[in-house]
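A.B. asks: Turn this into a structure:
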Amino acid sequence: MPSPTYTVSSASSSISDTYPAPEAPIILPDDVDDNGRPSSSRAFLAHSPARNSTIEVRTYQNEYQLLVGLPGFSSDSITLATKKKRVLHVVADRWDNDGGGHFERRIAFGYDADLSQVKADFDRGVLRISIPRRAPSITSYPSTPRHAPMGRT
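C.D. replies: Model prediction:
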């Protein structure tokens, strides 16, 4: 049984040099929790992994896009959830005569991903997830410091 395929690719992205670049999305391994610690709670999910499942993460200037290949799944068997405003959890289950399948991936995003505005579309076995990117907020400071007068007036 082939293992799922993972790809992380980047298209053009421009963020001001004065701000640190956001972290690239990371597909978290199954054996760690959202904080990077070993997880023991996933043992009950150790049944047949989804065959031929794939996930590709694309980075664009205004959004992140995930393309998740889920052949044989239906839209009503897919669940999306967010955790801690930084992790997107994608789960799909299928039960059939072929033994069914389970797909579960967690993708961690940097500060610029707006996980409150996730949109998804499922068509012909491909789940397309769009996550908007926030523009970094700009804080301006006066170029010359202002001093309050001292002493009595």
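A.B. asks: wait, isn't residue 65 in contact with residue 129?
C.D. replies: Yes: contact status for residue 65 versus residue 129: in contact at 7.0 Å, counting by Cβ atoms under 8 Å. In this view, the C-beta of every residue, glycine as well, is placed from N, C-alpha and C.
A.B. asks: higher neighbour count, the two?
C.D. replies: Taking neighbours as other Cβ atoms under 10 Å, residue 65 and residue 129 compare with residue 129 leading, 21 against 16.
A.B. asks: show me the contacts for the closest residue to the more buried one other than its chain neighbours.
C.D. replies: Taking Cβ to Cβ, 6 or more residues apart in numbering, and ignoring the residues beside it in sequence, residue 129 has residue 66 as its nearest neighbour in space, at 4.1 Å. By Cβ atoms under 8 Å, 6 or more residues apart in numbering, the contact list for residue 66 reads 25, 55, 56, 57, 58, 88, 90, 107, 127, 128, 129, 131.
A.B. asks: Buried only: go through those for me.
C.D. replies: Using 16 or more other Cβ atoms under 10 Å as the burial test, the contacts of residue 66 include 25, 55, 56, 57, 58, 88, 90, 107, 127, 129, 131 as buried.
A.B. asks: Nearest to residue 97 among those?
C.D. replies: Residue 97 lies nearest to residue 127 out of those, by Cβ to Cβ, at 23.4 Å.
A.B. asks: Tell me which residues are up against the helix or strand containing the closest one.
C.D. replies: Assigned by DSSP states H and E, residue 127 falls within strand 126-132. Applying Cβ under 8 Å, 6+ apart, the external contacts of strand 126-132 come out as 62-70, 78, 80, 88, 90, 92, 109, 113-115, 117-122.
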